[in-house]
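[1] would you be able to build a 3D model of this:
(2 chains)
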Amino acid sequence: MKFAEIGLSDELLRAIDESGYDEATPIQAGVIPSVLMMRDIIGIAQTGTGKTASFVLPMIDILAHGRARARMPRSLILAPTRELAAQVAENFEKYGKYHKLSMALLIGGVQMGDQVKALEKGVDVLIATPGRLMDLFERGKILLTGCNLLVIDEADRMLDMGFIPDIENICTKLPANRQTLLFSATMPAPIKRLADKFLSNPKTVEVARPASRNENIEQFLVKTSERGKRDTLRSLIDSEKVHTAIIFCNRKTTVRELAKALQRSGYSAGEIQGDMDQSSRTAELDRFKNGTINILVASDVAARGLDVKGVSHVFNFDAPWHPDDYVHRIGRTGRAGAQGRAFTLVTPSDDEAIDSIQKLTGYKIPVHGVEAAAAETAAAAPSEAEEKPRRGRSERGGRGRGASKPDKVAAEPVDEPKAAPAKAPRPRDDRKSAATPKPAPAPRRDDQDGPDDGWNGPMPGFLSVGFGS
DNA sequence: AAAAAAG
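    Take a look at the predicted model:
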């Protein structure tokens, strides 16, 4: 469905057009008309499906008329992390450029002064993380009685982070006859209860089944050892022709150490994790988005919802403890129709985690063959001083259970690589390693995602075998 | 087991 047929204003259509969009995604086609008719919505979708625009666009038109009063925001969007809140704000700026809507972004980690000032002037759109919102509310800086539109974004993540009581609290402070939109990638029971309690006669729009496999993402397990992880990762990065990658670790300390190690090895890498102050977090994310760095080492702060265009690879340096996190992490690639590859380093102690991931997704992730061998070589002759070889040790995972069960064979062929558009060339990465010259990064569009935002996926020239379970 | 979010 075309945006022009969806019932949006001309000014908005112009902004959409200038952002390079024409066709609405399924979630947008399902949600936007109903929001314009003032219905409550339950949207079951992950980001990358165009979910954010599905509420931002109609909100801009709904809020186009009328005027905000001091301390009385007209609408409220709740997001679980600061980065996601900022991302929503960027969308309002992009699509609202022909409207004069006022907006405030209320997130922690930054000075309150500007936020309070904006509130005093009156805002049409308030975008907030729960903590800072509650804080300012309790200080009497916000009145929610005039807030007729509420969006709860990434509700399942809010649940994971223990925000549900806050959300309920906030809901009771809004007028009862408001419009409420709730978005969630999955629908666990507590979220259903929340929806039953605070939405009236909602329309449910579902575009991707939770934990269903995104066919655009090729997944692999890479067997390694605790000690061999860094070398395994480096050889993977080198052999994979990485354009842009996010590397997930389970711990903030691991994030920091790995980012440093990669920098020392000459990679153009940065980090993002919750112990960094907000300005560094934002700065690192910007460097990644604008191509100054092409590798971002991250904690799960970046696992969900983060929308960076054209991420070609996700590496799980650590297998995530919770299977849900796996789904969210790999979802940072293969977005908006592009192809992506996701590699998870597994050590023998990760068997359980991998089991539960495979159970959740119903997909047996093939083992990547070549790198496992490379890891053993690497472990026997580490390139970095801190990685002492430890000999005479079995690198075999799975306690031999699955080793004799090579059921799945060849990796699926990569789909026809899409030609990348030749505009906005990214800065080159500056790896110093001359032995393995990096391919020039594909050009990248920074303004939006889109199906043409691809890169040339390498054809895997190896066999994969099944992982024992 | 960790991370995130208020400070």
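
[2] show me which residues of the stretch 1-150 of chain A sit near DNA strand B.
    A:80-83, A:107-109, A:129-135, A:138 (Cβ under 7 Å from any atom of the strand). Every C-beta, even on glycine, is put in place using the N, C-alpha and C of the backbone.

[3] taking these together, which two end up most distant?
    Greatest spacing in those, by Cβ to Cβ: A:83 and A:138 (24.2 Å).

[4] higher neighbour count, the two?
    Here residue A:83 and residue A:138 are compared on neighbour count by other Cβ atoms under 10 Å; more neighbours surround residue A:83, at 21 against 9.

[5] residue contacts, that one?
    A:281, A:282, A:285, A:301, A:302, A:306 (Cβ atoms under 8 Å, 6 or more residues apart in numbering).

[6] rerun at 10 Å
    By Cβ atoms under 10 Å, 6 or more residues apart in numbering, the contact list for residue A:83 reads A:107, A:129, A:272, A:278, A:281-282, A:285, A:301-302, A:304-307.

[7] tell me, how many residues neighbour residue A:313?
    The criterion is other Cβ under 10 Å. On that basis, residue A:313 has 26 neighbouring residues.

[8] excluding its backbone neighbours, what's nearest it?
    Here the nearest residue to residue A:313 in space, its sequence neighbours aside, is residue A:245; by Cβ to Cβ, 6 or more residues apart in numbering that works out to 4.0 Å.

[9] contacting residues for the residue in the stretch 301-450 of chain A positioned nearest to DNA strand B?
    Among residues of the stretch 301-450 of chain A, the one nearest DNA strand B by Cβ to the nearest atom of the strand turns out to be residue A:301. It sits 3.2 Å away. By Cβ under 10 Å, 6+ apart, residue A:301 lies in contact with A:80-84, A:252, A:255, A:272-276, A:281.

[10] again, 7 Å this time
    Applying Cβ atoms under 7 Å, 6 or more residues apart in numbering to residue A:301 gives the contacts A:81, A:272, A:273, A:274.

[11] for residue A:11, same thing?
    Contacts were defined as Cβ under 7 Å, 6+ apart; by that measure residue A:11 touches A:98, A:99.

[12] go again with 6 Å.
    The neighbours of residue A:11, taking Cβ atoms under 6 Å, 6 or more residues apart in numbering as the test, are residue A:98.

[13] what's the following helix or strand after the helix or strand hosting it?
    Remark: residue A:11 resides in helix A:10-18, with elements defined by DSSP states H and E. Scanning the chain past helix A:10-18 towards its C-terminal end, the next helix or strand to appear is helix A:26-36 (assignment: DSSP H and E).

[14] the next helix or strand after that next one packs against which elements?
    Using DSSP H and E, the helix or strand that follows helix A:26-36 towards the C-terminus is strand A:41-44. The criterion is 3 or more Cβ pairs under 6 Å, 6 or more residues apart in numbering; DSSP states H and E, and the helices and strands that strand A:41-44 contacts are helix A:26-36, strand A:179-184, strand A:203-206.

[15] highest mean neighbour count out of those?
    Among those, strand A:179-184 has the highest mean neighbour count (mean count of other Cβ atoms under 10 Å), at a mean of 24.

[16] what's the following helix or strand after that strand?
    Note on strand A:179-184: by DSSP H and E, the next helix or strand toward the C-terminus is helix A:189-198.

[17] and that next one with strand A:179-184, angle?
    Here helix A:189-198 runs at an angle of 170 degrees relative to strand A:179-184 (axes from the mean of the first three to the mean of the last three Cα atoms, to 10 degrees).

[18] make sure I have this right: residue A:52 is in a strand.
    No - secondary structure assignment places residue A:52 outside any strand; it is helix (DSSP: H, G, I helix; E, B strand; the rest coil).

[19] count the neighbours of the residue nearest to it when sequence neighbours are not counted for me.
    In space, not counting the residues next to it along the chain, residue A:52 is nearest to residue A:91; the distance is 5.2 Å by Cβ to Cβ, 6+ apart. Burial of residue A:91, expressed as a neighbour count using other Cβ under 10 Å, amounts to 20.

[20] same thing with residue A:245?
    27.

[21] over to the one 5 residues further on?
    A total of 17 residues lie near residue A:250 under the criterion other Cβ under 10 Å.

[22] look up phi and psi at the closest residue to it other than its chain neighbours.
    For residue A:250, the nearest residue in space outside its immediate sequence neighbours is residue A:318; the separation is 4.0 Å by Cβ to Cβ, 6+ apart. Main-chain dihedrals, residue A:318, degrees, to the nearest 10: phi -120, psi 140.

[23] now swap in residue A:247 and tell me
    Taking degrees, to the nearest 10, you get phi -110, psi 120 for the backbone angles of residue A:247.

[24] same thing with residue A:298?
    Taking degrees, to the nearest 10, you get phi -140, psi 150 for the backbone angles of residue A:298.

[25] what is the neighbour count of it?
    By the other Cβ under 10 Å criterion, the neighbourhood of residue A:298 contains 28 residues.

[26] which residues touch the closest residue to it other than its chain neighbours?
    Counting by Cβ to Cβ, 6+ apart, residue A:298 lies nearest to residue A:272, which is 4.9 Å off, once chain neighbours are set aside. Taking Cβ under 6 Å, 6+ apart as the contact definition, residue A:272 lies against A:281, A:284, A:298, A:302.

[27] what's around the second one, how many residues?
    One way to gauge burial is a neighbour count; for residue A:284, by other Cβ under 10 Å, it gives 22.

[28] state the helix or strand in which it lies.
    helix A:278-289.

[29] where does the stretch 251-400 of chain A get nearest to DNA strand B, residue-wise?
    Ranking the residues of the stretch 251-400 of chain A by distance to DNA strand B (Cβ to the nearest atom of the strand) places residue A:274 first, at 2.0 Å.

[30] confirm that that residue sits in a strand.
    No - counting by three-state DSSP, residue A:274 is not part of a strand but coil.

[31] give me every residue that touches the nearest residue to residue A:15 once chain neighbours are set aside.
    Distances taken as Cβ to Cβ, 6+ apart put residue A:95 closest to residue A:15, at 4.8 Å, once the chain neighbours are dropped. If a contact means Cβ under 6 Å, 6+ apart, then residue A:95 has A:15, A:56, A:57, A:60 as its contacts.

[32] quick one, phi/psi of residue A:95?
    With angles defined as degrees, to the nearest 10, residue A:95 sits at phi -90, psi -20.

[33] can you check residue A:262 too?
    Main-chain torsions, residue A:262, degrees, to the nearest 10: phi -70, psi -40.

[34] hmm, back to that, now render the contacts of residue A:95 as TSV, adding neighbour count.
    What follows is these, written out as TSV (neighbours: other Cβ atoms under 10 Å):
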residue	neighbour count
A:15	21
A:56	24
A:57	30
A:60	24
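
[35] roughly how far does residue A:24 sit from DNA strand B?
    Between residue A:24 and DNA strand B the computed distance is 30 Å (Cβ to the nearest atom of the strand, to the nearest Å).

[36] read off the pLDDT value for residue A:43.
    At residue A:43, the predicted lDDT confidence score is 96.

[37] please tell me I have it right and it contacts residue A:207.
    No - checked against Cβ atoms under 6 Å, the pair residue A:43 and residue A:207 is beyond contact range at 8.1 Å.
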